[in-house]
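Novice: whatever this is, show me its structure:
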Amino acid sequence: MKKMKLRHNLKGQLVCLAREAKEASRVLAAVSSEKKNTVLKYMAESIMAGKEQILAANAKDLKNAALKRLGKAFVERLALDERRLMEMAESLREIARLEDPVDKNIRSWVRPNGLAISKVSVPIGVILIIYESRPNVTSDCVGLCFKSGNAVILRGGSDAINSNLAIYEVIAGVLDRYGLPRSIVSFIDSTDRKAVDVLLTLDEYINLVMPRGGESLIRQVRDRSKIPVIKHYKGVCHVFVDDGADFIMAQRIILNAKVQRPGVCNAVETLLVHQNLAEDFLPTMIESLQDAGVQVRGDLLTRKIVKGLKVATEKDWSTEYLDLILSVKVVKDIDEAVRHINNYGSSHSDTIVTQNEANAQKFLKEVDSACVYVNASTRFTDGYQFGFGAEIGISTDKLHARGPMGLEELTTYKYVIRGNGQIRE
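Specialist: Residues are numbered from 1 along each chain as shown. Next comes the predicted model:
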């Protein structure tokens, strides 16, 4: 792995780093599945062997976050403990167990002239990950990019710099151990924002950019990049409780989606309730949410049913709180619920709680989001939960990937054509 401390000649160093990553990606593309899996397993062992070093570095970041008075949700995303390190290691092992996505025959056919054509999966090349406060992104992205044959350039945020660097360092010798170029994984430990601006111009060497963080970061990358971008955008996720829904099921799903881990992108931010059950359902539901520490903001009808709630403004409907705050709206029917989600949502994850199969099918077909659920929490939008081992991000775009991006989403394809002397007439 290659670590870069940027000082002088910023652009020159970054061009050199990107060029070396491109060269390393060609080496990695030829590495066998068996060798990649062995390396991934050893990376997992290295995470656990270096846990004291990683947790000590994380403690520095948490101390700095406290001095800056950063929010509770931010700190929750930043914090590591032994359980989370075990999850990071297990993600690497799970990636090793998955089928190699490279060199898969997607489709084959023979033309009338005898040409045999195959569509074959190949790595994308070099992937740039720009991310902020979640240190587990470092190991997740290394694992997924390595298994899919892509070189990766990592540029984490300043608030997690010590944690990211420690995770990098405990696995930095693994590639050397197995005779692989260090430039397969490059880590930039400078927090100079100019580095991002330079990297986004290096389309000669970098094939894809994946920004993971707040809206301002994602917009900056989208607006300045000369390289194709897949956005891990905000999660304005919804639960719609349909007429005739099971109240107990709905309550469990809503509490899980809002309270279990409010500072992540798949947590629910808006609750929509069918008008036919609002008076019976909302008082108990809102009381349960408030008991769990959630601040509830309601539309006019919600506030008529439950007194004393804060007003939900127009801005609230499109806000990703990443906190124990929930907006609630009473809707006339499923059509209004679908319109609301498609108008205010972020195309991330939305769920309907219903016993009506026709309404379930309507919701699944008409809600334009990467992940749509029936009778389940939005918290399952996660690469590990989907069986991908981890995710490089959750795409809210439509090209070329949507939802949790695992190994298959980190490949493209090429056409392989075999002939026996054919020429075009």
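Novice: show me where the stretch 251-400 of the chain has its strands.
Specialist: Remark: strands assigned in the stretch 251-400 of the chain by DSSP state E, counting those that start in this stretch are 268-274, 295-298, 310-311, 325-331, 349-353, 371-374, 394-395.
Novice: what of the stretch 1-150 of the chain?
Specialist: Secondary structure of the stretch 1-150 of the chain (DSSP E, counting those that start in this stretch): strands at 2-4, 105-110, 116-123, 126-131.
Novice: quick one, helices of the stretch 1-150 of the chain?
Specialist: Using DSSP state H, counting those that start in this stretch, the helices of the stretch 1-150 of the chain run over 10-28, 33-49, 51-67, 72-78, 82-97, 136-147.
Novice: next, the buried residues of the first one.
Specialist: Going back to what we said before, that points to helix 10-28. Using 16 or more other Cβ atoms under 10 Å as the test for burial, helix 10-28 gives 13-15, 17-18, 20-22, 24-25, 28. Every C-beta, even on glycine, is put in place using the N, C-alpha and C of the backbone.
Novice: what residues does it touch?
Specialist: 2, 4, 6, 123, 125-126, 146, 149-153, 180-184, 186, 188, 192, 194-195, 198-199, 202, 204-206 (Cβ atoms under 8 Å, 6 or more residues apart in numbering).
Novice: quick one on the thing from earlier: among the helices of the stretch 1-150 of the chain, which is nearest residue 331?
Specialist: Ranking the helices of the stretch 1-150 of the chain by proximity to residue 331 (Cβ to Cβ) places helix 72-78 first, at 27.5 Å.
Novice: buried residues of that closest one, list them for me.
Specialist: For helix 72-78, burial by neighbour count (16+ other Cβ under 10 Å) applies to 73-78.
Novice: pLDDT of it, averaged?
Specialist: Averaged across helix 72-78, the pLDDT comes to 86.
Novice: and it, what does it pack onto?
Specialist: For helix 72-78, the elements it packs on are helix 51-67, judged by 3 or more Cβ pairs under 8 Å, 6 or more residues apart in numbering; DSSP states H and E.
Novice: quick one: the helix it packs on to chain centroid distance?
Specialist: Relative to its parent chain, helix 51-67 has a centroid offset of 23 Å by Cα atoms, centre = their mean, to the nearest Å.
Novice: what of stretch 283-290?
Specialist: From the chain centre to the centre of stretch 283-290 is a distance of 30 Å (Cα atoms, centre = their mean).
Novice: quick one on the thing from earlier: which of the strands of the stretch 1-150 of the chain has the lowest average pLDDT?
Specialist: If these are sorted by mean pLDDT, strand 2-4 sits at the bottom with a mean of 52.
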